[in-house]
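Engineer: Give me the fold of what follows.
(chains A, B and C)
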Amino acid sequence: MAVILVYVEAHDGIVAPASLETLAGARQLADGSGGSVEALILAADPTPLLSQIVGADRVLTVSHPSLAAYLPEAHQAVLVEAVKARKPDLLLLANSYVGLDLAASTAIATDRPVVSYCMAAALAGDVLTTTNQVYGGKIEAIAETKLPAVAAVNPGTFQGTVPARAQAETLRLDPPAALGSLASSFIEALKEESGDVDITQQERLVSVGRGIGDAANIEIAQALATALGAEVSASRPVVDAGWMPKSRQVGKSGHKVKPKLYVAVGISGAPEHLEGMRDAGFIVAINQDAKAPIFDVAQIGTTCDLFDLLPALTERLNTRNA
Amino acid sequence: MHIVTVVRLVPDLLEEIQVNEQGTDIDREWIGVKLCEFDDHALEESVLIKEASGGATVTAVGIAVEGMDRVLQSAVARGADRVVKIDCGEANPDSRALAKLLSEALPQLKPDLILAGVQTPEDLFGQLVPFLGALMGRPHASGVTGAQVDGNAVVIQQEYGAGRAARLKLALPAVLGVQSASQPPRYVSGTKLRQAIQGTKIETLSLAASGAGSGTIKEMRRPARGQGAEMIEGEAEQVASKIYDALASRGLLGGK
Amino acid sequence: MDSKPLMLAALMLLAFAFAGYRFFLRLRPMFGAPGIDRLDHIGERLWGLVPNVLLHRRLLNIRYSGILHAMIFGSFIVLFTAIIQAFGSGLFPGFSLAPVGGDSIIALLQDVFAVIILIGVGMAFYNRFVIRPARFRGSNNKDATVILLLICSVVVSMLLEFSFHIAAGSEPSAHWRPFSSAIAGLLAAVGFAGERANEAAHIFYWIHVCVILGFLTYIPGSKHLHMFAAIPNIFLRNIGPKGQSRAPDPKATSIGLSDVRRLDWKGMLDLYSCTECGRCQAACPAYAAGLPLSPKILIMNMRDALIEETVVPAPRPSAPPAAGSNLEALVGSVISEQTLWACTTCRACMEVCPLHIEHVPKIVDMRRHMVEAGHVTPGIQDAMASLQQYGNSFKKPPRMRAKWTSGLDFKIKDARKEEVDILWFVGDYASYDPRVQRITQTVARLLQKAGVDFGILYDAEQNSGNDVRRVGDEGLFQNLSEHNIEALAGCSFKRIMTTDPHSLNALRQEYPTQGAKYEVVHYTQLLLELLREGKIAKAANEKVTGVVTYHDPCYLGRYNNGFEPPRQIMAELGYKLHEMGRCRENSFCCGAGGGRIWQDDTGVKERPSENRIREALALGDAAIFAVACPKDLVMYTAAVQSLAVEDKIQVKDIAELFA
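Structural biologist: All right, here's what the predicted structure looks like:
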């Protein structure tokens, strides 16, 4: 009979897809244990968000001007109050950047254990069993956490559609007093400079990772991309090193892409990167390490040396028109 | 203005990670360790803030484990003014235990700003920065990609992915989880490192760690491959040919 | 004329004072400069002056220029007697060289060499204004022209003085001066004779003397300073091991060269010796690639910075240096960072410089300063961080260093545990780069088949540090070398063999400065020994057909004199070798050394490796490009690919030439 509270993220009047997934997951877990799901929305004005919530038995709203834009301190204050008031057995959040701020802090403030990077979750009695990604995705840990607990869930963990149900009951919670004396403030939203190319709109991407070795070698990938009718994108280390602009970054801290074809060159497949491209239609992975996690999501793969393979493949593509 | 930056040693992901015999942890006997890359960025950001402010000092803090001396000495070579090693009797306190420990130890240092990396490869039971911020009752934020001190507050850039970010202002003292520093970690020559290794005095503190509060790991394992990719082997030309065929047959070729 | 000695003395005093002051200004920085010990082996140093100065060995590498310089140089020596005569007789009436042949043989020599020097100067003018070799680009042509004109003036005025004297009938040596006599004949024909001719002779005497004094005062500010600096500079050249870097002074407060005033005095003498001939520029692979490095211009800029420092009066301590003045730090404003990072340390510049100027040590010293200040390119930072952490530049764990051995069907001895005859120091690229691992395995099989007792250090081996030292990170070099020396100390072996010329240089020439001496051979030498002992079949690899051309690696050839073994191997195996023009000491670097392999291609207009492949293709019949260095293998294989000439030429390691 677990009560599951889901923290819902939203911005610009739209509920984050990751939160919708988390709601669906909460629904599954609640249905399995005969429990209920409460969704918590924080906003200056929650009204436009209400209709987007599916799967909750109850929608809790907290509105306050300080909640107009995301501020960690404000959201934490509200969430801690809500947990203390509603006493859910499980608080679920998406493992997003916001989740990174709130899951652990709320947990320790409410004296609960927290478990993060979950890719699978199951409830049995008062034990939450999760499968968690650690060590860059190279290892999976099975963890057991006693309720009441907090869990942060990776995107893509819960799938499936939520069955339609009656419109959820709405309940307004009072904003905590702390919101009136915050020690932090929101200054402004920042938009990333748009690059020359919007990789999220591309049908084919050739993506380079650390394995490319050097900025100078990217041209080998560019040659392949041109022959393939694709654009070049990159994983975080390549962008951090300054070899490619941020607009080309694929992954959790970059962009989510869904091309028809994704060629991963020298990318190991850390979870943060997979988060950005696992939905691609057809994934080809080239990596020297046969055990690289990228091969888990790819359709075809090879450990052939990329410095030999890319020119060969480019050549093959160029000669088809000859 | 006193900045404290936390440095942690974590298994080197470049190497092959093996599970130990019991199956409940990774095999730590042969694994190499290195400074957590996000802590590296946090250290860099600390030094950058110090350089921008003029008069600020940076203290690097780490737990007494094998290899920590070298990390602290490198921190000095990078620009830290003081380094402190905490002997807590336990080799590897998890982030929650570490946060509790630091919430007691750090106030002695009177920090205005505390920086640490946003996460480690093994902090599945919660991250240090949000734990520490909540325990100390101070504003905190993770996913930080830049920080500038502004009087009694710090202005940060917080990243959310997909090109979104925001600028926030947090009153000091604050705790920041650094994703990437404003500039890539600077180069420190081998000579500077050698000098730091010889000349650095590492202060030590003793505090016991308490571990309770998290779940338990029942098992660690290599991810099951599932379907996994169909692997193609051979010489470059053969592999290229097979890939070409696979793409062509699915109508995935573009260009020209 | 009694006033003549006085006037001359006065002029000389004036000229000497002025010239002396200008010389002093240039010598002054050398007084306070740190010293280096270059006064060892005096006999060898002196003896070296014979080929370098007398025989013009390096100058004659460019035949035309060498000959014209020999003509001018030889003439200068002979005509010095004329200067002695002119000033001697001017100061001391009655002075004459007649007792020693001044009116006979010396007069003849003077006359002949006057013509020779004029022909030489004519050739020089032709070179500078008609032929216009590319190596002169960036040189100070005005200075060169002025010098040539001054030489002309000195000699012509001398000739005319004698000619007029002959025309006047007052020249005792007239019979011994054929050319002057001929000119005298012309002069007489136009009416110069007797007193008129004598007066004219006097005029040309004064012109002659004044031009000489003027030349003297001009010299300090000109590249002709090499007249005085050259012989000392060649005498003080480095006769020690070419591949051994000078460790920084442990007592120095700062590391590296940040200011030209901190050069040691030999380094400053280098700057004054430069004749701007540009041979170094013509040999430099970075310059050929279009990068902003010309060794010649580097030396010129350093020289100008040094001179400006002392010629321009120093400002009062309180006033800051004027913006753009050379009083700012040397590195960054006078010499750009890109210039310094462009160098591959291949030593081609030093090999061809007739003055034995040491370009590379200055570049490395300036790099040391930049490294200390943290001003490195991102590629270098990455590589240094990887070397710091893992002991290799590939960001791969040490455990994977010997992974290439898993492709063999035998186990290589662990030199750390067992005694071996040959300890094989494999090297980074040969161990970690997949393109080179194939060759490493081939070498292993060759050694195994030949019955060699060899072993490797497995994961105890780290990068030898050769290129780390050349990048300028002394501390990291010390870490790496200390580690390797300790590992080697625990082993028992007779010789060290390596497939990597850079490691060869470090082990053989650099490690002795760290207190460790080994007998180190390159694998080509070992393979040649085995071939000659009959332990390897003298058969060519039947898959390798066609004419072979061979590229001398910089660190094997120029740095370690390893030119012969690879050639002899090819000869014994029966390959036909067609040498490229730039072979042996003149080999053209692949562009990877000195840390360049850790940098990107920004600014490169033509990769040195592609330039080299084109040179090989231009031979017309070379189907195989043979290499003996892992970096060469990587660079040239990439070059052949990017030039798309795989069907015309193939890159093969020496090891692949065996059956």
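
Engineer: For B:Gln148, which residues are in contact?
Structural biologist: B:49, B:52, B:154-156 (CB atoms under 8 Å, 6 or more residues apart in numbering or on different chains). Bear in mind the C-beta positions are built from the backbone N, C-alpha and C, glycine included.

Engineer: Kindly indicate whether it is helix, strand or coil.
Structural biologist: strand (DSSP: H, G, I helix; E, B strand; the rest coil).

Engineer: Which strand residues bridge it?
Structural biologist: Counting by DSSP bridges, B:Gln148 forms beta bridges with B:Val155.

Engineer: And it, how far from chain C?
Structural biologist: 21 Å (CB to the nearest CB, to the nearest Å).

Engineer: One more: A:Ala290?
Structural biologist: On the measure of CB to the nearest CB, A:Ala290 and chain C end up 13 Å apart.

Engineer: Looking at that residue now. What's its pLDDT?
Structural biologist: On pLDDT, A:Ala290 comes in at 82.

Engineer: anything in stretch C:479-494 sitting right up against chain B?
Structural biologist: Yes - counting by CB under 8 Å from any CB of the partner chain, contacts between stretch C:479-494 and chain B involve C:Asn479.

Engineer: averaged over its residues, what pLDDT does that stretch have?
Structural biologist: 96.

Engineer: Please give the centre-to-centre distance between stretch C:110-129 and its chain.
Structural biologist: 27 Å (CA atoms, centre = their mean, to the nearest Å).

Engineer: which residues touch it?
Structural biologist: With CB under 8 Å, 6+ apart, stretch C:110-129 has contacts from C:64-65, C:67-69, C:71-72, C:74-76, C:78-79, C:81-82, C:133, C:136, C:141, C:144-145, C:148, C:151-152, C:155-156, C:158-159, C:162, C:176-180.

Engineer: Let's see that with 6 Å instead.
Structural biologist: Stretch C:110-129 has contacts (CB atoms under 6 Å, 6 or more residues apart in numbering or on different chains) with C:68, C:71-72, C:75, C:78-79, C:82, C:148, C:151-152, C:155, C:159, C:177, C:179-180.

Engineer: what does stretch A:54-64 give?
Structural biologist: So stretch A:54-64 is contacted by A:23-24, A:27, A:36-43, A:46, A:53, A:78, A:162, A:168-173, A:175, A:179 (CB under 6 Å, 6+ apart).

Engineer: what about 7 Å?
Structural biologist: Here stretch A:54-64 makes contact (CB atoms under 7 Å, 6 or more residues apart in numbering or on different chains) with A:6, A:23-24, A:26-27, A:36-46, A:50, A:53, A:78, A:82, A:162, A:168-173, A:175, A:179.

Engineer: list the buried ones in it?
Structural biologist: A:54-64 (16 or more other CB atoms under 10 Å in any protein chain shown).

Engineer: Which ones among those residues map onto strands?
Structural biologist: A:58-63 (DSSP state E).

Engineer: sorry, back to before: next, check the contacts of stretch A:54-64 against the helices and list the overlap.
Structural biologist: Among these, DSSP state H puts A:23-24, A:26-27, A:50, A:78, A:82 in helices.

Engineer: Kindly present these as a markdown table, with separate columns for neighbour count and pLDDT.
Structural biologist: Converted to a markdown table, those look like this (neighbours: other CB atoms under 10 Å in any protein chain shown; pLDDT from 0 to 100):
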| residue | neighbour count | pLDDT |
| --- | --- | --- |
| A:Leu23 | 25 | 91 |
| A:Ala24 | 21 | 90 |
| A:Ala26 | 32 | 92 |
| A:Arg27 | 24 | 90 |
| A:Leu50 | 16 | 88 |
| A:Val78 | 26 | 96 |
| A:Ala82 | 23 | 96 |
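
Engineer: before we move on, back to that, out of the contacts of B:Gln148, the closest to chain C would be?
Structural biologist: Using CB to the nearest CB, B:Ala52 comes nearest to chain C of the contacts of B:Gln148, at 16.5 Å.

Engineer: Among the contacts of B:Gln148, which one lies nearest to chain A?
Structural biologist: Looking across these and measuring by CB to the nearest CB, the closest to chain A is B:Val155, at 6.8 Å.

Engineer: Who are the contact partners of the closest one?
Structural biologist: Here B:Val155 is in contact with A:187, B:148, B:167, B:169 (criterion: CB under 7 Å, 6+ apart).

Engineer: And it, how close does it get to C:Pro378?
Structural biologist: 27 Å (CB to CB, to the nearest Å).

Engineer: how about the residues of the stretch 551-659 of chain C near chain A?
Structural biologist: C:600-601, C:641 (CB under 7 Å from any CB of the partner chain).

Engineer: Selecting buried members of those in ChimeraX, what would you type?
Structural biologist: Filtering those down to the buried ones (16+ other CB under 10 Å) takes a single ChimeraX command:
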select /C:600,601
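
Engineer: Specify which member of the residues of the stretch 551-659 of chain C next to chain A is nearest to chain B.
Structural biologist: C:Gln641 (11.2 Å).

Engineer: Need the residues that contact the helix or strand that contains C:Ile496.
Structural biologist: Using DSSP states H and E, C:Ile496 falls within strand C:495-498. Strand C:495-498 has contacts (CB under 7 Å, 6+ apart) with C:422-425, C:427, C:504, C:507, C:518-523, C:526.

Engineer: which of these has the most neighbours?
Structural biologist: C:Leu504 (30 neighbours; other CB atoms under 10 Å in any protein chain shown).

Engineer: State the distance from that one to C:Val436.
Structural biologist: For C:Leu504, the distance to C:Val436 - CB to CB - is 15 Å.

Engineer: C:Val360 too?
Structural biologist: 26 Å.

Engineer: The two: which is more packed in?
Structural biologist: Neighbours per residue, other CB under 10 Å: of C:Val360 and C:Val436, the larger number sits with C:Val436, 26 against 20.

Engineer: C:Leu355: what's it in contact with?
Structural biologist: Taking CB under 7 Å, 6+ apart, one finds C:226, C:230, C:233-234, C:273-275 in contact with C:Leu355.

Engineer: can you put these in a markdown table and add secondary structure, pLDDT and distance to chain B?
Structural biologist: Below are the contacts of C:Leu355 laid out as a markdown table (DSSP: H, G, I helix; E, B strand; the rest coil; pLDDT from 0 to 100; distance: CB to the nearest CB, whole Å):
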| residue | secondary structure | pLDDT | distance to chain B |
| --- | --- | --- | --- |
| C:His226 | helix | 95 | 36 |
| C:Ala230 | helix | 95 | 36 |
| C:Asn233 | helix | 96 | 31 |
| C:Ile234 | helix | 96 | 34 |
| C:Ser273 | helix | 96 | 31 |
| C:Cys274 | coil | 96 | 30 |
| C:Thr275 | coil | 96 | 36 |
